[in-house]
Each structure stands twice: as structure tokens, then as C-alpha cells.
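Participant: Give me a 3D structure for the following:
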Amino acid sequence: MTTTETTTAAARPAFKPVTLTDAAAERVRTLIAQSDKPVIGLRIAIKTKGCSGFSYDIQYATEKQKFDEVVEDKGVTVLIEPKAQMYIFGTEIDWEEDKLQSGFVFRNPNEKGRCGCGESFHV
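Facilitator: Now for the predicted structure:
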């Protein structure tokens, strides 16, 4: 490898399996600050649920579990459960609010479809 190739490769930012929008990162920081117990970040998992097969599960993470993928983005720590890693690779997490609802929105390039109510998805 030449010096130019080494410099170019080193300058490239590392790929993150999950990213957060500014709104999502701000919401996560707010939730963590309001928690009554020590929290290191959010844990993302995939549960078998709904008519399409899978649903996203978000919980407070109080410690890193064995084989968790740890992602740092915009000052927020996201831990991805091992079983979920292959399903959410490349996902952007956003926080959206409107007059009727608010919540985290997953923009997952691996999804092949969602159920009618949007509660579950399949890959």
C-alpha cells in the first residue's frame, strides 16, 4: 500500500451500523437525563411480534452485554443486541413529533415491508 492510499483510507470516517438524526440524539439525551437510575445509553433489539414478523424494541441500557455492538453517534451511546445486528445494519433513527403522536422512527434499508399499522416489519 502506498502512502497516499494509507492517508486516504485513514481519512475516511468509520461506517456506523446505526445513525441518529439530531432530533433523535437530542431526545435520547433528554430521556437519559430524566432517568432515575444510571443509564449508559439505549439498547436496540428486534422482537418477534406483529403481523409482519418483527418489531423494534428500545430500552435503557445500564450496562454493556456480551456481544453488543456499541455505536457512538452525536454524543449518544446505542447498544445493539446481537440478534438485531443483521436486521438493522444501515438504519437511521429519527425522532418525530406531530399533533397526534411522537416517537422514534426507524429508516431501515433492510425492510422489505411493514404491516398496515406500521407496528411491525419484515426483511
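Participant: alpha carbons only for contacts and neighbour counts from here, please
Facilitator: OK.
Participant: Just want the phi and psi numbers for the closest residue to residue 105 other than its chain neighbours.
Facilitator: In space, residue 105 comes closest to residue 94 once its chain neighbours are excluded; the distance is 5.0 Å by Cα to Cα, 6 or more residues apart in numbering. With angles defined as degrees, to the nearest 10, residue 94 sits at phi -120, psi 160.
Participant: burial of residue 94, as a residue count?
Facilitator: The number of residues packed near residue 94 is 18, by other Cα atoms under 10 Å.
Participant: Can you name the residues that contact it?
Facilitator: 20-24, 104-107 (Cα atoms under 8 Å, 6 or more residues apart in numbering).
Participant: So which of these sit within helices?
Facilitator: The helices, defined by DSSP state H, take in 22-24 from the contacts of residue 94.
Participant: Not counting sequence-adjacent ones, nearest residue to the residue most central in space within the chain?
Facilitator: For the chain, residue 18 is the residue whose C-alpha lies nearest the centre (Cα atoms, centre = their mean; 4.8 Å). Excluding its sequence neighbours, the residue lying closest to residue 18 (Cα to Cα, 6+ apart) is residue 91, at 5.0 Å.
Participant: how close does the one you found sit to residue 31?
Facilitator: Using Cα to Cα, to the nearest Å, one gets 21 Å for the distance from residue 91 to residue 31.
Participant: So these two - more neighbours on which side?
Facilitator: Taking other Cα under 10 Å, residue 91 and residue 31 do not tie; residue 91 has more neighbours (19 against 14).
Participant: can I get the CA coordinates of stretch 59-76 in CSV?
Facilitator: Coordinates of each C-alpha in stretch 59-76 appear next as CSV, following Å, rounded to 0.1, in the frame of the first residue of the first chain:
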residue,chain,number,x,y,z
GLN,A,59,-34.8,0.1,26.3
TYR,A,60,-32.5,1.9,28.6
ALA,A,61,-29.1,0.3,28.7
THR,A,62,-27.5,0.2,32.2
GLU,A,63,-24.5,-1.9,31.1
LYS,A,64,-22.9,-3.4,28.0
GLN,A,65,-23.9,-7.1,27.4
LYS,A,66,-21.7,-9.6,25.9
PHE,A,67,-21.6,-9.3,22.1
ASP,A,68,-23.5,-6.0,22.0
GLU,A,69,-22.4,-3.7,19.1
VAL,A,70,-21.6,-0.3,20.6
VAL,A,71,-22.3,2.8,18.5
GLU,A,72,-21.4,6.3,19.5
ASP,A,73,-23.2,9.0,17.5
LYS,A,74,-23.8,12.7,18.2
GLY,A,75,-22.8,12.1,21.9
VAL,A,76,-25.2,9.2,22.4
